[in-house]
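S.K.: Need a 3D model of the sequence below.
(one chain, ligands or ions: 2)
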Amino acid sequence: MKIYDTLKGELVEFKPIKEKEVKMYVCGPTVYNLIHVGNGRPMIVFDAFRRFLEYTGYKVTMVQNFTDIDDKIINKAIEENVPFEEVSERYITQYWKDAQNLNIRASNFHPKTTNYVQEIIKFIEDLIKKGYAYESNGDVYFEVRKFKDYGKLSHRNIDDMKSGARIEVSDIKKDPLDFALWKNAKPGEPAWESPWGNGRPGWHIECSVMSGELLGETFDIHAGGNDLVFPHHENERAQSMARHGKEFANYWMHNGMIKVSGDKMSKSIGNIWLIRDVVKEFGADTTKVFILSKHYRTPLDFTKEGLEEQKKSVTRVQNSLIEAEKYFNGTVPFIKNTEYMKQTINNMKEALSEDFNTPKVIAKIFEVSKNLNKAITEKNEQQIKENYHLIKNEMGPVLGIFEKNEVTTNDSKMDKVMEVIINTRKKAKKEKNYEMSDYIREELKKVGIILKDTPQGMEYTIQ
Ligand SMILES: Nc1ncnc2c1ncn2[C@@H]1O[C@H](COP(=O)(O)OP(=O)(O)OP(=O)(O)O)[C@@H](O)[C@H]1O
Ligand SMILES: [Zn+2]
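M.R.: Ligands and ions are numbered 1, 2, ... in the order given. So this is what the prediction gives:
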């Protein structure tokens, strides 16, 4: 399998540290707001990548952190006049709702920064001992010039960076490039005791610590959005390599940005689309297909038109699956992989082994769905089974799409619930409990569900 490694700046052959095992770390969200489509991209892409690794026989250990202490969280807590934990816990809970709606599997570990403060302190103490960090005014800084490899991941030259205008000048740092490992707490801010006084961890250190604790000092793949390459990942790498004296992550994978009219979709710019709103309007499959139909490293323009377009194709696939199920009265019989199936599966594996080329696989799914429709029209049972199982049990699950019948599941569940309600009302009427039967009718009416007596029995309509 080949992947593009940001550090080497080229496609490279992937070789895990331990045969058939992959340990990977994905930078997770800072939990002070609801997840937007931009944050959704690494979730969707790396969930699919992990599924593919597992599909090809790797045992994967995946870690995705929650940054649950940070300036943005503190500011939100001050705004709302609540403890910072209330903000972070609220958005972690909401994260899980979004992840579940998107059919994204939980990682093996979801560590939170605040649970690793002692390990963080220890890590910083080691960096100071080794001469890579210094204390200043209750803060602790990493001394970038001491780490010879600095800039290698983001392909930047340390002297060019220094002349860059965006780095603030401060008299408490030895060098403007030095970054905070530990921040002295201002009065009233959340703080932990440390050898440097009360304070809290800087942003980058948490990922070095949690990845090291859960995956080891050197692990296979580090992933995240490409907005994190510098400074976040450059700094993570510097800290970890300075402390352990060995490579941090063997491969670096970065997804491109979701953009809106040319700008990065971002909370700070305010051009965000919440993932839950998009899933509600277009469904999880369309949201995921929209993202996976572009190669993960390229920028992707978010437009409603783009989603609408994608929804048409996705609905065609969903309908073809439903029609196949109907053809066999519910369950499409199992079939042993035929030559056609084996070849299609091999094509998929080849595409995904070439820097995770999901657009090729999505295009193939659309083609297989067309074949499925044709087979249904021609009543060719063998081909119905082949094409159906290719989508439903091979290509779909590998990417995390078309696993649930989005079109029907809710409708049929709703039918079932309504059947129970209608029967309860019937029973109430039979027992002359008119108060109860009227209550049921009126309460349903309030939410726009109208009961109607028809020659076939009681029916309902939703307004
Ligand atoms: N527009 C985007 N497109 C793709 N990935 C993104 C985008 N915005 C954030 N990410 C990724 O989402 C993950 C979670 O990031 P985080 O919560 O730190 O968001 P963020 O970068 O602070 O968002 P924002 O810029 O909206 O404040 C990271 O891997 C980050 O790279
Ligand atoms: Zn990180």
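S.K.: Please make it C-alpha for all contacts and neighbour counts, starting now.
M.R.: Noted.
S.K.: Would you map the strands across the stretch 201-350 of the chain?
M.R.: With DSSP state E, counting those that start in this stretch, the ranges of strands along the stretch 201-350 of the chain come out as 219-225, 249-255, 258-260, 263-264, 300-301.
S.K.: Export those as TSV, with columns for mean neighbour count, mean pLDDT and distance to ligand 2.
M.R.: TSV is the format used below for those (neighbours: other Cα atoms under 10 Å; pLDDT from 0 to 100; distance: least, Cα to the ion, whole Å):
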stretch	mean neighbour count	mean pLDDT	distance to ligand 2
strand 219-225	22	98	8
strand 249-255	21	98	12
strand 258-260	20	98	19
strand 263-264	17	97	19
strand 300-301	20	98	22
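S.K.: Once you drop chain neighbours, what's closest to whatever residue of the chain ends up closest to ligand 2?
M.R.: When scored by Cα to the ion, the chain has residue 27 as its residue closest to ligand 2, at 4.2 Å. Nearest non-adjacent residue to residue 27, counting by Cα to Cα, 6 or more residues apart in numbering: residue 224, 5.3 Å away.
S.K.: partners of that neighbour in the sheet?
M.R.: Residue 224 has these beta-bridge partners by DSSP bridges: residue 254.
S.K.: just checking, it touches residue 24?
M.R.: No: the pair residue 224 / residue 24 is not scored as a contact, 10.7 Å apart, by Cα atoms under 8 Å.
S.K.: neighbours of residue 12, just the number please.
M.R.: By the measure other Cα atoms under 10 Å, the count of residues near residue 12 is 15.
S.K.: So which elements touch the helix or strand it falls within?
M.R.: According to DSSP states H and E, residue 12 maps onto strand 10-13. In terms of contacts (3 or more Cα pairs under 8 Å, 6 or more residues apart in numbering; DSSP states H and E), strand 10-13 is packed against strand 2-5.
S.K.: Contacts for the strand it packs on, please.
M.R.: 10, 11, 12, 13, 14, 251, 252, 253, 353, 354, 355, 356 (Cα atoms under 8 Å, 6 or more residues apart in numbering).
S.K.: Secondary structure element holding residue 388?
M.R.: Secondary structure from DSSP H and E places residue 388 in helix 381-389.
S.K.: Tell me how far that helix lies from the chain's centre.
M.R.: Distance of helix 381-389 from the chain centroid (Cα atoms, centre = their mean, to the nearest Å) equals 32 Å.
S.K.: cool, and stretch 379-399?
M.R.: The answer for stretch 379-399 is 26 Å, by Cα atoms, centre = their mean.
S.K.: Run through who's touching that stretch.
M.R.: For stretch 379-399, the surrounding residues in contact (Cα under 8 Å, 6+ apart) are 47-49, 51-52, 55, 321, 324, 332-335, 337-338, 340-341, 344-345, 348, 361, 365, 368-369, 371-372, 375-376, 402-403.
S.K.: Check the residue nearest the centre of the chain and give its pLDDT.
M.R.: Centrality entry for the chain: nearest residue to the mean C-alpha point is residue 43, 1.2 Å, by Cα atoms, centre = their mean. Listed pLDDT for residue 43 reads 98.
S.K.: That one: what's it in contact with?
M.R.: Going by Cα under 8 Å, 6+ apart, residue 43 touches residue 104.
S.K.: One more: residue 21?
M.R.: Contact analysis of residue 21 by Cα under 8 Å, 6+ apart lists 58, 59, 60, 61.
S.K.: The third one is in what secondary structure piece?
M.R.: Residue 60 belongs to strand 59-64 when assigned by DSSP H and E.
S.K.: what mean pLDDT would you report for that strand?
M.R.: On average, the pLDDT along strand 59-64 is 98.
S.K.: Moving C-terminal from that strand, which element do we reach first?
M.R.: Downstream of strand 59-64, the first helix or strand assigned by DSSP H and E is helix 71-80.
S.K.: tell me which parts of the stretch 201-350 of the chain are close to ligand 2?
M.R.: Residues of the stretch 201-350 of the chain lying near ligand 2 by Cα under 5 Å from the ion: residue 207.
S.K.: Residues of the stretch 201-350 of the chain that sit close to ligand 1?
M.R.: Proximity of the stretch 201-350 of the chain to ligand 1 is confined to 224-228, 256-259, 264-268 under the rule Cα under 6 Å from any ligand atom.
S.K.: how about stretch 306-314: buried residues?
M.R.: Neighbour-count burial for stretch 306-314, counted by 16 or more other Cα atoms under 10 Å, picks out 307, 310, 311, 314.
S.K.: quick one: which of the residues you listed sit in helices?
M.R.: Judged by DSSP state H, the buried residues of stretch 306-314 include 307, 310, 311, 314 as members of helices.
S.K.: residues touching the third one, list them.
M.R.: Contact analysis of residue 311 by Cα under 8 Å, 6+ apart lists 282, 286.
S.K.: which residue sits closest to residue 28 in space, ignoring its chain neighbours?
M.R.: Excluding the flanking residues, the one nearest residue 28 by Cα to Cα, 6+ apart is residue 65, at 4.9 Å.
S.K.: Over to residue 301?
M.R.: residue 259 (4.8 Å).
S.K.: and stretch 200-207, C-alpha only, in CSV?
M.R.: Output of stretch 200-207 as CSV, limited to C-alpha atoms (Å, rounded to 0.1, in the frame of the first residue of the first chain):
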residue,chain,number,x,y,z
ARG,A,200,-2.3,24.6,32.3
PRO,A,201,-0.8,22.7,29.4
GLY,A,202,-0.1,24.5,26.1
TRP,A,203,-1.9,23.0,23.1
HIS,A,204,0.8,21.0,21.3
ILE,A,205,2.1,19.0,24.2
GLU,A,206,-1.1,17.1,24.8
CYS,A,207,-0.9,15.2,21.6
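S.K.: per-domain residue ranges of this protein.
M.R.: Here the domain parsing of the chain from automatic domain parsing is 2-255, 304-408, 410-462.
S.K.: Show the end-to-end separation of the longest one, please.
M.R.: This points to domain 2-255. 16 Å (Cα to Cα, to the nearest Å).
S.K.: and the angle from the strand or helix carrying residue 362 to helix 381-389?
M.R.: Per DSSP H and E, residue 362 falls inside helix 358-377. Calculated by axes from the mean of the first three to the mean of the last three Cα atoms, to 10 degrees, helix 358-377 forms an angle of 150 degrees with helix 381-389.
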